[in-house]
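let me see the structure of the following:
(one chain, ligands or ions: 1)
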Amino acid sequence: MNATPAAAPAPADSAAPSVFSVDGLWKVFGPDKAAAKVPGSADADLSAAELRERTGCTAAVRDVTFDVRKGEAFVVMGLSGSGKSTLVRCLTRLIEPTAGSLAIDGEDVLAMDATRLRALRRHRAAMVFQHFGLLPHRTVLDNVAYGLEIQGVGRGDRRDRAAELVAKVGLDGLEQRRPGQLSGGQQQRVGLARALAADPEVLLFDEPFSALDPLIRREMQEEVARLHHEEGRTMVFITHDLSEALRLGDRIALMRDGRIVQLGTPEEIVGSPADDYVRDFVRDVPREQVLTVRTAMRPATADEAEQGPALAPATTVVEAIQAVAVSGGPARVVDGGRCLGVVDDAGLLAVVAGLPAPTGRGVAA
Ligand SMILES: Nc1ncnc2c1ncn2[C@@H]1O[C@H](COP(=O)(O)OP(=O)(O)OP(=O)(O)O)[C@@H](O)[C@H]1O
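Presented below is the predicted three-dimensional model:
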């Protein structure tokens, strides 16, 4: 398994405002009356099988609370049936939540009428599906322009903007082809360009790459990561693929049986799993590719704080191993001119081996 980030994800900015605020959200499938009774009841903690037997209901999302911050790539990850799709569809009420509260930019989504909901789905939080629903008889350019047409953009502007977006997703020269004349990956790029044409504040991706072969899939992940970094658009991804989650996510919500069992950066999830389930989930991740020198460092002695190569705090352990091997001694972790600590052979090896980093002799600067 290779978890190398496509491009180092921008660190999740905890000071960034929330786009989505989700609080105590539930989705219970089943007869309406019975479903509405489950949240907050004695049945709420039953296993899926017990709940189904007692009430005939399925709790797909159970008491979930989180924020999606402006500009971040937020990944919802979990095994099949853990509730990912239901949760993300609840964000724009493609599935109606059973209980809880839900806001976008502070506006109550549950109070929106049909007109506002349509505007929400069209302009503010657009969903990109695995099968993009391209129009087979239209060219690439017209498929992308279609996204603008339904928004009422005039013909001339539409074509200019569509051409710009086709170029942006790397399809120059293919403007006049029809979807049937494109590879799966190219079709996905058209779908992506069409979603971008609406210029939504948030793009919601439902396992968009799962039907692609591994190489094209990797290419599309890199493409989306590039777009995310270039545009800083807020993105929410559903995936059941851990390496995809680690590659794309600034933060990852790991779901199990409708609950979020851990929400954190890739480094937090891999470096400090919340429980045995998460630990098991991340067991095969190459830790040195995900964890950074922050995990491996120890306090520096006065001498160490003054010498040796300087590494940024976001440097991965695998990169630090190279730096330490070349320099033959500890490397400093430096942030804004301040030495936060040092990494040496022992600390880096401990991380690779999954052991706690040695605390060393020095004192944190
Ligand atoms: N319309 C529905 N009616 C009843 N149960 C449903 C419905 N949709 C989903 N479920 C159930 O809710 C649970 C969560 O399903 P969901 O599709 O959200 O999971 P998922 O993590 O997205 O799975 P996958 O990765 O397979 O798509 C599952 O037990 C599923 O069977």
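
when you work out contacts or count neighbours from here on, use the C-alpha atoms and nothing else.
Will do.

check contacts around the residue nearest to residue 294 when sequence neighbours are not counted.
In space, and not counting its chain neighbours, residue 294 is closest to residue 313: 5.9 Å by Cα to Cα, 6 or more residues apart in numbering. Each residue near residue 313 by Cα atoms under 8 Å, 6 or more residues apart in numbering is listed here: 292, 293, 294, 333, 334, 335.

mind putting these in CSV, pLDDT and neighbour count included?
Below are the contacts of residue 313 laid out as CSV (pLDDT from 0 to 100; neighbours: other Cα atoms under 10 Å):
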residue, pLDDT, neighbour count
292, 92, 23
293, 94, 29
294, 91, 19
333, 95, 28
334, 94, 17
335, 93, 14
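
so of these, which ones are in helices?
Using DSSP state H, the members of the contacts of residue 313 that fall within helices are 293, 294.

wait, doesn't residue 122 sit right on residue 199?
No. Using Cα atoms under 8 Å as the test, residue 122 is too far from residue 199 to be in contact (9.1 Å).

just the CA atoms of stretch 342-349, as PDB, please.
Provided in PDB are the C-alpha atoms of stretch 342-349 (Å, rounded to 0.1, in the frame of the first residue of the first chain):
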ATOM      1  CA  VAL A 342      15.300  17.400  16.700                       C
ATOM      2  CA  VAL A 343      14.900  14.200  15.000                       C
ATOM      3  CA  ASP A 344      17.500  11.500  15.000                       C
ATOM      4  CA  ASP A 345      17.900   7.800  14.000                       C
ATOM      5  CA  ALA A 346      16.300   6.500  17.100                       C
ATOM      6  CA  GLY A 347      13.300   8.700  17.000                       C
ATOM      7  CA  LEU A 348      12.700   8.100  13.300                       C
ATOM      8  CA  LEU A 349      13.100   4.300  13.700                       C
END
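
who touches it?
Stretch 342-349 has contacts (Cα under 8 Å, 6+ apart) with 293, 296-300, 304-305, 317, 320-321, 324, 329-333, 357-358.

average pLDDT across stretch 45-54?
Mean pLDDT, stretch 45-54: 88.

which residues touch it?
Residues outside stretch 45-54 that contact it (Cα under 8 Å, 6+ apart) are 43, 44, 57, 58, 59, 257.

switch the cut-off to 7 Å
Stretch 45-54 is contacted from outside by 43, 57, 58, 59, using Cα atoms under 7 Å, 6 or more residues apart in numbering.

quick check: the last one touching residue 25?
No. Contact between residue 59 and residue 25 fails when scored by Cα atoms under 7 Å: they sit 11.0 Å apart.

quick one, which of those two is more surrounded?
Taking neighbours as other Cα atoms under 10 Å, residue 59 and residue 25 compare with residue 59 leading, 27 against 22.

any low-confidence regions in this structure?
1-14, 130-132, 357-365 (pLDDT under 70).

per-domain residue ranges of it.
Using automatic domain parsing, the domain parsing of the chain gives 18-281, 291-353.

and of those, who's closest to the ligand?
domain 18-281 (3.3 Å; Cα to the nearest ligand atom).

close to the ligand, is the closest one?
Yes. Using Cα under 6 Å from any ligand atom, domain 18-281 reaches the ligand at 29, 58, 60, 78, 79, 80, 81, 82, 83, 84, 85, 86.

just the buried residues of those residues.
29, 58, 60, 78, 79, 82, 83, 84, 85, 86 (16 or more other Cα atoms under 10 Å).

show me what contacts residue 128?
Per Cα under 7 Å, 6+ apart, neighbours of residue 128: 195, 203, 204, 205, 206, 208.

so who does the most centrally placed residue in the chain touch?
When the chain is reduced to its mean C-alpha position, the nearest residue by Cα atoms, centre = their mean turns out to be residue 75, at 2.5 Å. If you count contacts by Cα under 7 Å, 6+ apart, residue 75 has them with 236, 237, 238, 245, 249, 251, 252, 253.

now for those residues, which pair is the farthest apart?
Maximum pairwise distance among those (Cα to Cα): 12.2 Å, between 238 and 251.

burial of residue 53, as a residue count?
Neighbour number of residue 53 under other Cα under 10 Å is 11.

which element is it on?
According to DSSP states H and E, residue 53 maps onto helix 48-55.

who does whichever helix or strand comes after that helix pair with, and is each partner parallel or antiparallel?
As assigned by DSSP H and E, the chain's next helix or strand after helix 48-55 is strand 58-69. Using DSSP bridges, the strands paired with strand 58-69 are strand 18-29 (antiparallel).

what comes into contact with the strand it pairs with?
Residues outside strand 18-29 that contact it (Cα under 7 Å, 6+ apart) are 35, 39, 57-70, 97-105.

all strands of this protein, in order?
According to DSSP state E, the chain carries its strands in the segments 18-29, 58-69, 73-78, 99-104, 107-108, 125-128, 202-206, 234-239, 251-256, 259-264, 310-311, 331-335, 338-343.

strand 331-335 and the last one, what's the angle between them?
Following axes from the mean of the first three to the mean of the last three Cα atoms, to 10 degrees, one obtains 150 degrees for the angle between strand 338-343 and strand 331-335.

one more: the fourth one?
Going by the same axes, to 10 degrees, strand 99-104 is angled at 80 degrees with respect to strand 331-335.

ok, and what's touching strand 99-104?
Contacts with strand 99-104, where a contact means Cα under 7 Å, 6+ apart, come from 19-27, 39, 108-110.

repeat the analysis, applying 10 Å as the threshold.
18-28, 35-40, 61-68, 90-93, 108-111, 120, 124-125 (Cα atoms under 10 Å, 6 or more residues apart in numbering).

would you turn the strands of the chain into TSV with distance to residue 213?
As requested, these are exported to TSV (distance: least, Cα to Cα, whole Å):
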stretch	distance to residue 213
strand 18-29	32
strand 58-69	29
strand 73-78	20
strand 99-104	35
strand 107-108	40
strand 125-128	19
strand 202-206	17
strand 234-239	15
strand 251-256	23
strand 259-264	28
strand 310-311	36
strand 331-335	39
strand 338-343	38
